[in-house]
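Asker: This is the structure alone, sequence omitted:
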């Protein structure tokens with residue numbers, strides 16, 4: 001997979017992740033606590049997708065690295081909110097399991113990419 005294909009693949013995956021999170025919010029029972037958690041989850045999930053897209057058009061490797069750091073941070077935050085939501089509302093676990101797996105995979109991929117880019121920057 002070349003760089004352009006990689007970027008397109010993960011643009012699509014991060015967008016699908018956001019759409020899955022949005023779908024989860026529509027399935028959830030409304031309460032003050034669920035609304036707060038889900039609002040934070042939507043914010044962090046959309047930030048993952050938006051900042052990944054921004055990293056794809058970065059003007060330099062340093063800028064790409066900075067954006068990728070945000071992607072990792074926001075993916076980790078989304079993972080936290082998903083975990084919290086699942087524990088607080090166990091009846092929703094069947095709706096969150098695939099989303100939790102996806103954010104975990106995305107987080108691992110982006111952490112590896114960030115480490116590779118950091119090594120490249122340090123060698124330069």
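Answerer: Okay, I see it. This is a predicted model, so every value here is computed, not measured. Residues are numbered from 1 along each chain as shown.

Asker: can you give me the helices for the chain?
Answerer: 3-27, 32-56, 61-88, 93-123 (DSSP state H).

Asker: just how off-centre is the longest one within its chain?
Answerer: If I follow you right, that is helix 93-123. 8 Å (CA atoms, centre = their mean, to the nearest Å).

Asker: and it, which residues are buried?
Answerer: By neighbour count with 16 or more other CB atoms under 10 Å, helix 93-123 contains the buried residues 95-96, 99-100, 102-103, 106-107, 109-110, 113-114, 117. C-beta coordinates here come from the backbone N, C-alpha and C atoms, glycine included.

Asker: I'd like to know which of the residues you listed is nearest to residue 69.
Answerer: Among the buried residues of helix 93-123, residue 114 lies closest to residue 69 (CB to CB), at 6.4 Å.

Asker: list the contacts for the closest one?
Answerer: For residue 114, the contacting residues are 65, 68, 69, 71, 72, by CB atoms under 8 Å, 6 or more residues apart in numbering.

Asker: ditto for residue 75
Answerer: 44, 48, 103, 106, 107, 110.

Asker: Distance check, it against residue 29.
Answerer: To residue 29, residue 75 is 26 Å away according to CB to CB, to the nearest Å.

Asker: Also residue 101?
Answerer: Separation of residue 101 from residue 29 (CB to CB): 23 Å.

Asker: Can I get the helices of the chain in CSV including mean pLDDT?
Answerer: Shown next, in CSV, are the helices of the chain (pLDDT from 0 to 100):
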stretch, mean pLDDT
helix 3-27, 96
helix 32-56, 97
helix 61-88, 97
helix 93-123, 96
